[in-house]
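Asker: mind looking at a prediction? Sequence and model below.
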Amino acid sequence: MEREPSPLRGADMKSSDVSGFYRKSPKERWQIVRDFGELSEAEVATLGNTGALAFDQVDHMIENVVGALPMPLGIAMNFRVNGKDYLVPMAIEEPSVVAAASNAAKMAREKGGFTTSSSGPIMIGQVQLVNVPDPQGARMTILQHRDEILALANEKDPVLVKFGGGAKDVDVRVVETAKGPMVVTHLLVDCRDAMGANAVNTMAEAVAPHLEKWTGGRVYLRIISNLAVKRLACSRVRAAISSMVSANTAFQASFSMAALSAASRWTARSAAAFALGPASLALMNPSLKAAHRYASESPAQAGAKPGLSRTASVNCAMAFSKFSSLGRAKK
């Protein structure tokens, strides 16, 4: 199809400084993008195609919407979690991942599938105080205002509170640093099904000036913590050795479990325990002598032997990945 010129094709100067873009109609937004990017009418039509979602729907999801980006949607089969069967939708553009996940779930299914648990949806908001005259005294002062802090925080998200969430507790630590002690207040927030960044950050910002007033310190950071130690999800799985009939199967199973762990928010320990175990078993296969030799001869890989110890599993997984391609050991 021949490219149709836009009105501004060849213009010397273009500016991305567009005021009120979010207030403009879809047609006006498309026109601005067309002029700036020198798009054809056909390209603009493709851009505006939002697939199964109406434009009005996606326009309320994020800011400055001009279209949607479709992804292939596959279904991973064979999953049994806590005794219940599931078909797992996976939106991904990479080949073999859905098949590998289904294969791994089939192996797990032979021994009852996956068993999962979680610690609850508690996220931590951190408020950092510096230049505090009496850090230990400030800690006690903040804890004495616990109820007031929770009330201030929960005022910022009544909807979250309505559904059983909200700020639930306060913890305070004094952290020694090279620049002097910091007083770090933790807001423990039940985020329910939300990730919680907006709610927790808003709550932390709301209580920050009060902490400064009560302690005489200066607040800098007031933000959600990425160390989600109070929001843990765990998954356990058993697989029959007989199901790992080849090194190829073991390799695919190990890395499928690692991928699934990330998608399901498992803990890193749970992912590693299952992901590295089959890789270690794979080293028992005679076709992997090269991988085994690499693991055992390198000083950094000392101690790598067939088996299920943590060190050996890590070493074997590294060696196996070096001597394999797409899950097939090189002969």
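Answerer: Done, it's in. Numbers count the residues shown, from 1 in each chain.

Asker: only C-alpha atoms for contact and neighbour calcs from this point on.
Answerer: Fine.

Asker: contact partners for R218?
Answerer: Listed by C-alpha atoms under 8 Å, 6 or more residues apart in numbering, the contact set of R218 reads 129-132, 212.

Asker: repeat that for 7 Å
Answerer: 129-131, 212 (C-alpha atoms under 7 Å, 6 or more residues apart in numbering).

Asker: show me the strands in the stretch 101-250 of the chain, by range?
Answerer: Applying DSSP state E, counting those that start in this stretch to the stretch 101-250 of the chain gives strands spanning 114-118, 122-130, 166-175, 182-190, 218-224, 233-237.

Asker: A206 is nearest to which of those?
Answerer: Smallest distance to A206 across those (C-alpha to C-alpha): 9.3 Å, for strand 218-224.

Asker: partners of the closest one, with directions?
Answerer: Sheet pairing here is set by DSSP bridges, and for strand 218-224 it gives strand 122-130 (antiparallel).

Asker: tell me the angle of the strand it pairs with relative to strand 182-190?
Answerer: 160 degrees (axes from the mean of the first three to the mean of the last three C-alpha atoms, to 10 degrees).

Asker: how about strand 122-130 as PDB, C-alpha atoms only?
Answerer: Provided in PDB are the C-alpha atoms of strand 122-130 (Å, rounded to 0.1, in the frame of the first residue of the first chain):
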ATOM      1  CA  ILE A 122       0.200  -6.700  53.600                       C
ATOM      2  CA  MET A 123       2.500  -4.100  52.000                       C
ATOM      3  CA  ILE A 124       4.900  -1.800  53.800                       C
ATOM      4  CA  GLY A 125       5.000   2.000  53.400                       C
ATOM      5  CA  GLN A 126       8.200   3.500  54.600                       C
ATOM      6  CA  VAL A 127       8.700   7.000  56.000                       C
ATOM      7  CA  GLN A 128      12.300   8.000  56.600                       C
ATOM      8  CA  LEU A 129      13.100  10.600  59.200                       C
ATOM      9  CA  VAL A 130      16.600  12.200  59.400                       C
END
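
Asker: which residues are in contact with that strand?
Answerer: So strand 122-130 is contacted by 182-191, 200-201, 204, 208, 217-225, 228, 230-231 (C-alpha under 7 Å, 6+ apart).

Asker: narrow these to just the buried residues.
Answerer: 182-191, 200-201, 204, 208, 217-219, 221-225, 230-231 (16 or more other C-alpha atoms under 10 Å).

Asker: coming back round to it: to L69, which of the strands of the stretch 101-250 of the chain lies closest?
Answerer: Proximity to L69 (C-alpha to C-alpha) singles out strand 218-224 among these, at 29.2 Å.

Asker: tell me the mean pLDDT for the closest one?
Answerer: For strand 218-224, the mean per-residue pLDDT is 97.

Asker: can we start the residue count at 573 from this point?
Answerer: From this message on, residue numbering opens at 573, which makes the last subject strand 790-796.

Asker: the helices in the stretch 623-772 of the chain, which residues?
Answerer: In the stretch 623-772 of the chain, the segments counted as helices under DSSP state H, counting those that start in this stretch are 627-631, 669-681, 707-716, 718-726, 730-734, 769-787.

Asker: single out the most deeply packed of these.
Answerer: Across these, averaging neighbours per residue (mean count of other C-alpha atoms under 10 Å) puts helix 669-681 on top, at a mean of 22.

Asker: pull the residues that contact stretch 637-655.
Answerer: Residues contacting stretch 637-655 (C-alpha under 7 Å, 6+ apart): 598, 601-602, 619-622, 631, 657-665, 670-671, 673-674, 677-678, 681, 685-688.

Asker: can you say which of those are buried?
Answerer: By 16+ other C-alpha under 10 Å, those give 598, 601-602, 619-622, 631, 662, 670, 673-674, 677-678, 681, 685-686 as buried.

Asker: R745 contacts V756, doesn't it?
Answerer: Yes - using C-alpha atoms under 7 Å, R745 makes contact with V756 at a distance of 5.3 Å.

Asker: which parts of this protein belong to which domain?
Answerer: As assigned by automatic domain parsing, the chain contains the domains 573-640, 646-690+812-901, 694-796.
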